[in-house]
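Enquirer: next come a sequence and a model predicted from it.
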Amino acid sequence: MSAPTHLEGHLPADHPLSPRRQYRDLPLIGRSLANYPVKDLWETDFARLPGPLARQRRRARAFAEQHLVPVADELDLAAHLPAGECHPAALEVLREAGRQGWLSYFLPRPLGSMPWRALPYPPIWQCSLIVEEFSRACGGLMLLLSAHHLGAMPLLLSGNVRNILRHLGPVYRSCERGDPHLVAFAITEPGAGSDVEEGEGAARAHPGVVATSTTGGWLLNGRKCFISGGDLARTATVFAALEGEGMESWTCFYVDCAAPGFRVARTELKMGMRASGAAELEFTDLFVPHDRVIGGLRRGWAINRATLNASRIPVAAMGVGFARAATETALDFAKRYTLGGRALIHYQDVQLHLATMVAETRAIRSLVWQEARGAWQPRQLNASMCKFHATDRAQVVCEMAMDLLADHGGLHERKVEKIFRDVRLTRIFEGTNQINRLSLMEDWQDQLLDVDQHMGV
Amino acid sequence: MIVEREDSALLLAEVDRFARERVAAATARAETPIGAAVLEQLSQEAAALGLLSTATGESGFGIWEHVDHAGAMAFNIGALTQLGRANAGVAFAWHRTALARWVAGQLALELDAASLLGTTLVSTGHYGLARTSVARWLKSAALHGDEVALLADWLDRGAHATVVVAPHAWRTLLWPVWSDGRIAWQLAHRDRLDVQPCRAQHGLDELAAFQVRDSSSTAELKRLDDAASRLIYGRTLKMDMIGLLAIAAGALVRGQELATDYAAIRTQGGKIIAGHPAVQRMLGDIEIARHHADVALASLARPIDDIDAGAVAATRVSAHALLCDAANQVVQVHGGIGYMCEAGPEKIVRDQNMLKLQAGGTREAHAFLAGWIGAFA
Ligand SMILES: Cc1cc2nc3c(=O)[nH]c(=O)nc-3n(C[C@H](O)[C@H](O)[C@H](O)COP(=O)(O)OP(=O)(O)OC[C@H]3O[C@@H](n4cnc5c(N)ncnc54)[C@H](O)[C@@H]3O)c2cc1C
């Protein structure tokens, strides 16, 4: 059967009433204003990216397709492993990711793997591009690789060159040698989830992890829960209150996970993102020396909030990656699956459905890029808005994909159901989308309280 | 047998007790789906209670044994709702097996009396709802050639794989096929079909998914005259859609219980989270969906032939969309714990998604409805 020359309901490109090919025959000025190249949509977006970031984007896609895609299903369906064990396929991905620089790209060479030419651009932008590519390939593996950067973020944000050289340097070098040293980020406690993401709750919360002063440092006691990668991490940025004080005393401790008193109590069996562990961590008189206090005593709350401002844009990018994966999968299905002798793509209602999905996906990518390109000091309002909106819309796109596949949408083999299970997390973590909406308002309040001030939106 | 609404309420009280004490208890650990043996055991108990029957006639008062009066329909809907509240996978298995028995009874087909879960049913073709065509055929509209070709393709069990979600050990499959310009039925035996087991599907974890093809087409066809063909198919489609909706409504009842219970004990932001308008909004969404489903199902508790298939399809679109959203709000009220399999809410989301996707899904219901009210393909 020869390939059709046009979609049903549309004119073929060589039809006299089909304008696209005729644009190139217009006189020069008309041609230069009207004629456009027809490229793959993902490709067209390179025009919006500076060269060094474009190269990272392309590299990330190639890595994801070569190393994440082939093991994504296996890891999603694998039996839940006891805490501390790593599936051999996940370990291999980590090793290779480390060697290729995907675990060390927040600093330039020789400290990290960021290309020097990417330095003039916010690292959050680069990170968002990479996270989108990895999410498209596999949510769980993306989280395994990305939670590490979240864990390392407080080391960077402490702004202390010594911390960076002493702590982050070895982490990055080890990763690049193919010996993955993961860092986990631990703020959530059984009694405080949203309370560690927003100030009003924090002001009333009772700290669950407490640091007690001792000779040469601090002893940590308490529990953190749902910590991504906490089961495999070698070190973790753990936030704790000082004994007898409230959340305003929160301090960031750089914890050695092999030290006595550190225990991975359990890992969770989750709906999706299954290649990444969510661990409950238990600290019993865990000793942390003074020189592993990050950013100074009682600076933890600010470092935490700044970390969240930095990480919420990449979380929004996860949404873009999932929406894109769902859209691409639905497109592929519609191109191949036939009903009544015609591929679904030829039916007008299917075209409308897909057009909406493409528009939703590209709209949230534009939002993410718009916020990421200016994210040298990511503003809470922008980062939170980007996170809740992109992830809410991304889930809608994934649902649309399942609806398009109809009876086939629930089959694991058709991919979309996994994407749905993965995207579902993005509306919960890094602050629920409710808390992110409130974060937007919190950051805006000075202007909102001034009744006379005209406000731009 | 006529069952008045009061009788139906009494019977439902029994089903409710069984659903809570046996089905919900046996399936309480959301992260560990029950195996085939437990499903079989529960099915035996359901049969002993009269909920499921191995006979194909109207012998007692099981699910879908009677559909021709309001009390019976109230019972069918109520029973499936209660079972859906206990466990959507189990309810789905029983719904489809009971529906298969009802169809077999209409067709005077003999089913294996020894096996409760041995026969399952598929009510639609290989994808969607045949656009406008099946609706127009049901309405006795004059079909043009394309539409007939589309229906033939839609129900072509050899050319396309049909997705079947059923108990692992199903033996026979009752499905509609296209023959001589109308719908006929085929009772196909598993060992004569090309059955590809699928990997763990999205939801309804107690069951399994298969891609099934009938390459040799050896199974006998049960042909009907025009009127009977339309009547039986129309009823089956309505019953399947009503059953799926009832199960989904029940699953949300469970979700609502989980969400309200959790919101009443979890403290964040200095108070019980039920005190936050953000959470109240979600609890409200859940109540809206539940109310919508309840009203919809109540409107369907009528003799099956009094129910308009268009109304069922339209109800299904809006109700399943709301139920899916509401189940997502159940997860969201729970925050991180809602994402964990042990807690239960995430399974309700997956089950809701699966229920929405069965019987052709809901996306093509718009075309079905357009066909139902007279639009051409
Ligand atoms: C798979 C996974 C991975 C995670 N990874 C990490 C990690 O690496 N590190 C880490 O520290 N944490 C991690 N988390 C924790 C995550 O950030 C929290 O789960 C999230 O912030 C929500 O907190 P919670 O689960 O305690 O929900 P809760 O705070 O209990 O929220 C329950 C509900 O109440 C609402 N609510 C709470 N407070 C308020 C309020 N003040 N006003 C209005 N509504 C409110 C919420 O919106 C939600 O709907 C992870 C979680 C998951 C599920």
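Expert: On my side now, so go ahead. All of these numbers come straight from a predicted model, not from anything done at the bench.
Enquirer: just the mean pLDDT for stretch A:209-221, thanks.
Expert: For stretch A:209-221, mean pLDDT is 98.
Enquirer: near the closest residue to the ligand within chain A, how many other residues are there?
Expert: With Cβ to the nearest ligand atom as the measure, residue A:193 is the residue of chain A nearest to the ligand, at 1.6 Å. Backbone N, C-alpha and C define where each C-beta goes, glycine included. Neighbour count of residue A:193, defined by other Cβ atoms under 10 Å in any protein chain shown: 23.
Enquirer: just give me the neighbour total for the residue nearest to residue B:294 when sequence neighbours are not counted.
Expert: What sits nearest to residue B:294 in space, not counting adjacent residues and going by Cβ to Cβ, 6 or more residues apart in numbering or on different chains, is residue B:249, at 6.9 Å. Close neighbours of residue B:249, defined as other Cβ under 10 Å, add up to 25.
Enquirer: after the helix or strand encompassing residue B:249, next one along is what?
Expert: Using DSSP states H and E, residue B:249 sits within helix B:226-265. Using DSSP H and E, the helix or strand that follows helix B:226-265 in sequence is strand B:267-268.
Enquirer: is the following helix or strand past that next one positioned near the ligand?
Expert: Following strand B:267-268 in sequence order, the next helix or strand is strand B:271-272 (DSSP H and E). No: judged by Cβ under 6 Å from any ligand atom, strand B:271-272 and the ligand are separated, with a smallest distance of 8.1 Å.
Enquirer: burial measure for the closest residue to the ligand within chain B, as a count.
Expert: Relative to the ligand, the nearest point of chain B is residue B:335 (2.1 Å; Cβ to the nearest ligand atom). Residue B:335 has 23 neighbours, counted by other Cβ under 10 Å.
Enquirer: test my guess that it contacts residue A:429.
Expert: No: assessed by Cβ atoms under 8 Å, residue B:335 is found out of contact with residue A:429, at 9.0 Å.
Enquirer: please report phi then psi for residue B:162.
Expert: Here is the backbone geometry of residue B:162 (degrees, to the nearest 10): phi -100, psi 140.
Enquirer: so how far is residue B:173 from it?
Expert: Between residue B:162 and residue B:173 the computed distance is 9 Å (Cβ to Cβ, to the nearest Å).
Enquirer: would you map out the domains in the chain?
Expert: Reading this off chain A. Recorded structural domains for chain A (assignment: automatic domain parsing) are A:46-182, A:184-300, A:302-449.
Enquirer: my bad, the chain I had in mind was chain B
Expert: Domain segmentation of chain B under automatic domain parsing yields B:5-115, B:133-227, B:230-372.
Enquirer: so of those, which one's packed in deepest?
Expert: Stretch with highest mean neighbour count among those: domain B:230-372 (a mean of 21; mean count of other Cβ atoms under 10 Å in any protein chain shown).
Enquirer: before we move on, the earlier item: out of the domains of chain B, flag the one nearest residue A:208.
Expert: Nearest to residue A:208, of all these, is domain B:230-372, at 12.5 Å by Cβ to Cβ.
Enquirer: what residues does the stretch 251-400 of chain A put near the ligand?
Expert: So the stretch 251-400 of chain A meets the ligand at A:270, A:273, A:278 (Cβ under 6 Å from any ligand atom).
Enquirer: ok, and the most crowded of those?
Expert: In these, the most neighbours by other Cβ under 10 Å go to residue A:273, 29 neighbours.
Enquirer: phi, psi of that one?
Expert: When read as degrees, to the nearest 10, the backbone of residue A:273 gives phi 50, psi 40.
Enquirer: so which residue of the stretch 51-200 of chain A comes closest to chain B?
Expert: Across the stretch 51-200 of chain A, the shortest distance to chain B (Cβ to the nearest Cβ) belongs to residue A:194, at 4.6 Å.
Enquirer: okay, now the unreliable bits of chain B?
Expert: B:1-3, B:5, B:56-59, B:377 (pLDDT under 70).
Enquirer: if I pick the most far-flung residue of it relative to its centre, what's in contact with it?
Expert: Within chain B, residue B:270 marks the point farthest from the mean C-alpha position, 42.5 Å out by Cα atoms, centre = their mean. Going by Cβ atoms under 8 Å, 6 or more residues apart in numbering or on different chains, residue B:270 touches A:200, A:201, A:203, A:204, A:205.
Enquirer: lovely, talk soon.
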